[in-house]
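Novice: Predicted model and sequence follow; I will ask about them next.
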Amino acid sequence: MAPTHLRPRFLKLIERERRRAEAGQPAEIVAKMNSLIDEEFIAALYAASQAGDDISLNVRGTCALRPGVPGVSDTIEVISIVDRFLEHSRVYYFQNGGDDQVYLSSADWMTRNLDKRVELMFPIEDSGHKSSVLYALRAMFRDTVKARCLRADGTYERKEPAPGEQPFRVQQHLQDEARRRTTLARERKGVTFSPEEGR
């Protein structure tokens with residue numbers, strides 16, 4: 001919980017991934033938030049990138065971090081998606097040596113969220129729920145319709161489909177997936193009738 005324990009907890013998770021990368025182990029951070037402007041977090045992410053950590057960030061609004069700067073943030077990707085529905089959720093993933101950790105939170109990586117407000121973060125522990133959250137999180141980085149990529153100079157560039165690739169709009173895709181799963185669930189459940197007892 002912020003403002004007491006959330007900042008050090010996040011920094012510890014980032015630092016753990018950095019140490020794993022330095023040791024030659026696979027290391028990855030994937031995060032979705034509204035804003036990233038906290039200087040200490042940006043410095044920690046730069047250090048993790050320099051150690052070889054793969055970092056993918058979906059930052060809808062303000063982002064003070066600069067990805068793709070040689071020797072500083074080579075392994076960091078930042079996208080922004082603004083579409084029909086407000087993207088207000090915060091999701092944080094840490095590979096943790098293959099023991100994936102996924103958290104949901106009310107906090108962006110901003111000083112006011114971490115130090116001046118009451119904010120919460122909690123882990124997703126159920127394997128099925130964790131898979132669903134990770135599927136949606138990773139799908140964000142496949143968007144080639146509404147996604148914009150942040151460049152090292154601070155400008156944004158539209159993310160285009162590769163030649164021969166179908167455009168992918170993540171919000172539409174997740175809606176379609178939700179409808180498909182609902183239909184499958186209804187079909188599996190079915191409707192049965194049984195006589196009442198005593199008749």
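Specialist: In hand now; what should we look at?

Novice: make it CA atoms for all contacts and neighbour counts henceforth
Specialist: Noted.

Novice: Just the pLDDT for Thr182.
Specialist: Per-residue confidence (pLDDT) for Thr182: 87.

Novice: That one: how many residues sit nearby?
Specialist: Using other Cα atoms under 10 Å, Thr182 has 12 other residues around it.

Novice: ditto for Thr183
Specialist: Count around Thr183 with other Cα under 10 Å applied: 12.

Novice: Likewise for the one 3 residues further on?
Specialist: By the measure other Cα under 10 Å, the count of residues near Arg186 is 10.

Novice: Kindly confirm my reading that it is in a helix.
Specialist: Yes - checked against DSSP: H, G, I helix; E, B strand; the rest coil, Arg186 lies within a helix.

Novice: quick one: it from Arg180, how far?
Specialist: 10 Å (Cα to Cα, to the nearest Å).

Novice: Same question for Ala147.
Specialist: From Ala147 to Arg180 the distance is 24 Å (Cα to Cα).

Novice: Pro167 now?
Specialist: 20 Å.

Novice: Which one of these two is surrounded by more residues?
Specialist: When Pro167 and Arg180 are compared for neighbours, Pro167 comes out ahead with 14 against 11, by other Cα under 10 Å.

Novice: wait, doesn't that one sit right on Arg142?
Specialist: No - counting by Cα atoms under 8 Å, Pro167 stays clear of Arg142, with 9.3 Å between them.

Novice: who touches Arg9 in this structure?
Specialist: Contacts for Arg9 (Cα atoms under 8 Å, 6 or more residues apart in numbering) come out as none.

Novice: what does the one 4 residues further on give?
Specialist: Going by Cα under 8 Å, 6+ apart, Leu13 touches Phe94.

Novice: and Asp126, how many neighbours?
Specialist: 8.

Novice: Quick check: the gap between it and Thr111.
Specialist: For Asp126, the distance to Thr111 - Cα to Cα - is 30 Å.

Novice: What of Glu15?
Specialist: Per Cα to Cα, Glu15 is found 18 Å from Thr111.

Novice: buried sites along the helix or strand bottoming out on mean pLDDT in the chain?
Specialist: Least confident helix or strand of the chain, by mean pLDDT, DSSP states H and E, is helix 170-189 with a mean of 89. Applying a neighbour-count criterion of 16 or more other Cα atoms under 10 Å, the buried positions in helix 170-189 are 170-171.

Novice: Could you export it as PDB, CA atoms only?
Specialist: Provided in PDB are the C-alpha atoms of helix 170-189 (Å, rounded to 0.1, in the frame of the first residue of the first chain):
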ATOM      1  CA  VAL A 170      -6.700  -4.900 -29.400                       C
ATOM      2  CA  GLN A 171      -9.900  -3.500 -28.000                       C
ATOM      3  CA  GLN A 172     -11.900  -5.100 -30.800                       C
ATOM      4  CA  HIS A 173     -10.000  -8.300 -30.400                       C
ATOM      5  CA  LEU A 174     -10.600  -8.500 -26.600                       C
ATOM      6  CA  GLN A 175     -14.300  -7.800 -27.200                       C
ATOM      7  CA  ASP A 176     -14.500 -10.600 -29.700                       C
ATOM      8  CA  GLU A 177     -12.700 -13.000 -27.400                       C
ATOM      9  CA  ALA A 178     -15.100 -12.200 -24.500                       C
ATOM     10  CA  ARG A 179     -18.100 -12.900 -26.800                       C
ATOM     11  CA  ARG A 180     -16.500 -16.100 -28.000                       C
ATOM     12  CA  ARG A 181     -15.900 -17.300 -24.400                       C
ATOM     13  CA  THR A 182     -19.400 -16.400 -23.300                       C
ATOM     14  CA  THR A 183     -20.900 -18.400 -26.200                       C
ATOM     15  CA  LEU A 184     -18.700 -21.400 -25.400                       C
ATOM     16  CA  ALA A 185     -19.600 -21.300 -21.700                       C
ATOM     17  CA  ARG A 186     -23.300 -21.200 -22.600                       C
ATOM     18  CA  GLU A 187     -23.000 -24.100 -25.000                       C
ATOM     19  CA  ARG A 188     -21.100 -26.200 -22.400                       C
ATOM     20  CA  LYS A 189     -23.600 -25.400 -19.700                       C
END
